[in-house]
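Colleague: The following block contains a protein sequence and its predicted model.
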Amino acid sequence: QFKVTRWSQDPYALGAYSDFQHPEACEEDRTALAEREGRLFFAGEAAVPNMVGAQCTHGAVLSGAAAAVDVLAQLGLRDGRMLDLLYDRGPLGLDVGMLVDALAGDVCDTGSEAEAPAPKRHCSEDPGAL
């Protein structure tokens, strides 16, 4: 099963994407774009540093996941499964392997803690992991 999109015909996107083309643009611009404003959190490929994936799909995914973790923390809804996604040496403080598992449904769609799979190792602990 697949879905074809016509990004250039989408009335909300019109084929647009974010990109700092101005010669004076810098990483501080991305940092400023990602800053939280009160209860409003920002995420997306334009809101991550180049080394994390600026202007790339994986940068958008990582940025969205990091913002979601921040929102849950702000609401006091951190649980053990969400904490598994955190990794201080990972991009944006996330464990990429655990995030991939969570997005694939292997971690967060378990229904209860009793059904949760065995804890997984951080990416840096498994050289074969993403």
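Modeller: Nice, thanks for sending it over. Residues are numbered from 1 along each chain as shown.
Colleague: Taking the centroid of this protein, which residue is nearest it?
Modeller: residue 62 (2.0 Å; CA atoms, centre = their mean).
Colleague: Angles on the backbone of it, please.
Modeller: Dihedral pair for residue 62: phi -60, psi -40, per degrees, to the nearest 10.
Colleague: Pull the contacting residues for it.
Modeller: Each residue near residue 62 by CB atoms under 8 Å, 6 or more residues apart in numbering is listed here: 48, 52, 53, 91, 92, 94, 96, 99. For every residue, glycine as well, the C-beta is placed using N, CA and C.
Colleague: do the same with residue 41
Modeller: 67, 70, 71.
Colleague: Run through this protein and note the low-pLDDT ranges.
Modeller: 15-22, 106-130 (pLDDT under 70).
Colleague: one step back: out of the contacts of residue 62, list just those in helices.
Modeller: Here DSSP state H is the test, and those give 96, 99 as lying in helices.
Colleague: top of the contacts of residue 62 by neighbour count?
Modeller: Among the contacts of residue 62, the one with the most neighbours (other CB atoms under 10 Å) is residue 48, at 28 neighbours.
Colleague: so that one sits right up against residue 54, yeah?
Modeller: Yes: between residue 48 and residue 54 there is a contact under CB atoms under 8 Å: 5.4 Å.
Colleague: Identify the contacts common to these two.
Modeller: Any residue near both residue 48 and residue 54 by CB under 8 Å, 6+ apart counts here, and that gives residue 30.
Colleague: What about residue 73? Give its phi and psi, please.
Modeller: phi -60, psi -40.
Colleague: Make residue 1 into 40 and carry on from there
Modeller: Fine by me, first position is 40 from now on; the one you just mentioned is residue 112.
Colleague: For it, the count of nearby residues, please.
Modeller: Neighbours of residue 112 using other CB under 10 Å come to 13.
Colleague: Repeat that for the one 5 residues further on.
Modeller: By other CB under 10 Å, the residues close to residue 117 number 13.
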